[in-house]
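Engineer: Okay, sequence plus prediction incoming.
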Number of protein chains: 2
Amino acid sequence: MNSYPKSFSNLIEIFTKLPGVGPKTAERYAFHLLRFNNKDLETFGNVVANFKKKIKICKKCFTLSDADLCHICSDTKRDQKLLCVVENIADMYSIEKSGTYKGLYHILQGVLSPIDGIVPENIRISELVQKIKKEDIEEVIIATSTSLEGDMTASYIANIIKNNSIKISRIASGIPVGSNLKYMDKMTIKQSIDDRKQF
Amino acid sequence: MNSYPKSFSNLIEIFTKLPGVGPKTAERYAFHLLRFNNKDLETFGNVVANFKKKIKICKKCFTLSDADLCHICSDTKRDQKLLCVVENIADMYSIEKSGTYKGLYHILQGVLSPIDGIVPENIRISELVQKIKKEDIEEVIIATSTSLEGDMTASYIANIIKNNSIKISRIASGIPVGSNLKYMDKMTIKQSIDDRKQF
């Protein structure tokens, strides 16, 4: 009934591969791109097609990098004795943006999830253990998410590295700053009461 | 502070050119594309870069087309005596999707907007006048939007084509089907009362 030209349908379809983009939004994007000239479309297309080829993975922390070592691992001003373990690169950047952490990172590239068949060998736990053995690390902050899998991964890691003489901590879980209690789920409220801090 | 690799920043930046996409959403799209392999990224990039080169503009109604004449203009089963005037291609497809209209279209490619310097010569009004003169059209439905500019454009068009012995109509304006009166603006309510239909 509404038959778009083939290449336009393809464009709409490819946009639906983006997260949270349904056919309506994809159409909106496609109609918007109609206003671009061919040169700008080529730039857009090239950036998408080639961005990944130019990205390296940092040999030390496994985040995205322009060089073999990322800008964080190669920054000697950062606290080399503090290591923060995160699930993925996006989480690392979220912490970086908060501007509150000045140590190093270790990207697990996943969380343990037996139901999905993800066991310790599938994520970078052995690299973490090696790193802690070799380097002069004094504290490991486990910042996996506060989901079932994230908590399980955190416990697993805490357990295998606890023999070392290092401090191991877990990020605090509770009511987000600025949030109203009435919108919080039971588990978050329980956690915030269990982990209450004395004045 | 959070320095993404250059090509990744470029990717985020290019996504912010899409309508309604801010830095947060653009980041989300970029992180999602990290999971694609290079082949899929190339496909994505090529579709974006080249889609427009393959699209033609229908010589008759000015919509998107694979051929010189679009699938609507070349469909002899459609009512050749009925012409619907719309602002843009997206509006045409919206009407097509409703499945209620079986005539032909004329895409103005804009609306009159003196404040933006858009005068009759900038949109396809002369082509419309020519089409009405040459072809055997009995009714013109003016379906520009019910905005100030859309209404003005509709009046302007109605005025220059009224000498011809054709029926000229304007799409109805009123409360959208399924809407609640309490959420409607004054102008829409006024319109729906002024244009009330007798049972």
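Structural biologist: That came in fine, so what should we check first?
Engineer: roughly how far is the helix or strand of chain A with the lowest mean pLDDT from the heart of the chain?
Structural biologist: Least confident element among the helices and strands of chain A, by mean pLDDT, DSSP states H and E: helix A:186-194 (a mean of 86). Put simply, helix A:186-194 sits 25 Å off its chain's centre (Cα atoms, centre = their mean, to the nearest Å).
Engineer: Kindly report the same for stretch A:126-140.
Structural biologist: 20 Å.
Engineer: Ends of it, what's the gap?
Structural biologist: 15 Å (Cα to Cα, to the nearest Å).
Engineer: Around the closest residue to residue A:23 other than its chain neighbours, how many other residues sit close by?
Structural biologist: Spatial nearest neighbour of residue A:23, excluding adjacent residues (Cβ to Cβ, 6 or more residues apart in numbering or on different chains): residue A:16 at 6.2 Å. The C-beta positions use only the backbone N, C-alpha and C, and glycine is treated the same way. By other Cβ atoms under 10 Å in any protein chain shown, the residues close to residue A:16 number 14.
Engineer: State the distance from residue A:16 to chain B.
Structural biologist: 11 Å (Cβ to the nearest Cβ, to the nearest Å).
Engineer: now do residue A:106
Structural biologist: From residue A:106 to chain B the distance is 17 Å (Cβ to the nearest Cβ).
Engineer: got it, and residue A:181?
Structural biologist: Remark: distance between residue A:181 and chain B (Cβ to the nearest Cβ) = 26 Å.
Engineer: okay, the least confident helix or strand of chain A in PDB with CA atoms only?
Structural biologist: The C-alpha trace of helix A:186-194 is given here as PDB (Å, rounded to 0.1, in the frame of the first residue of the first chain):
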ATOM      1  CA  LYS A 186      10.900  -2.700  47.900                       C
ATOM      2  CA  MET A 187      14.400  -4.100  47.400                       C
ATOM      3  CA  THR A 188      16.000  -0.600  47.000                       C
ATOM      4  CA  ILE A 189      14.200   0.600  50.200                       C
ATOM      5  CA  LYS A 190      15.300  -2.500  52.100                       C
ATOM      6  CA  GLN A 191      18.900  -2.000  50.900                       C
ATOM      7  CA  SER A 192      18.900   1.600  51.900                       C
ATOM      8  CA  ILE A 193      17.600   0.700  55.400                       C
ATOM      9  CA  ASP A 194      20.000  -2.200  55.800                       C
END
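Engineer: what stretches of chain A score poorly on pLDDT?
Structural biologist: A:1-2, A:164 (pLDDT under 70).
Engineer: Please, where are all the helices along it?
Structural biologist: A:6-15, A:23-33, A:38-50, A:89-98, A:125-134, A:148-161, A:186-194 (DSSP state H).
Engineer: Do I have it right that residue A:149 meets residue A:113?
Structural biologist: Yes: with contact defined as Cβ atoms under 8 Å, residue A:149 counts as touching residue A:113 (4.8 Å).
Engineer: hmm, back to that, mind checking which of the helices of chain A is nearest residue B:104?
Structural biologist: Residue B:104 lies closest, by Cβ to Cβ, to one member of those: helix A:6-15, at 20.1 Å.
Engineer: packing partners for that closest one?
Structural biologist: Helices and strands touching helix A:6-15, by 3 or more Cβ pairs under 8 Å, 6 or more residues apart in numbering or on different chains; DSSP states H and E, are helix A:23-33, helix B:38-50.
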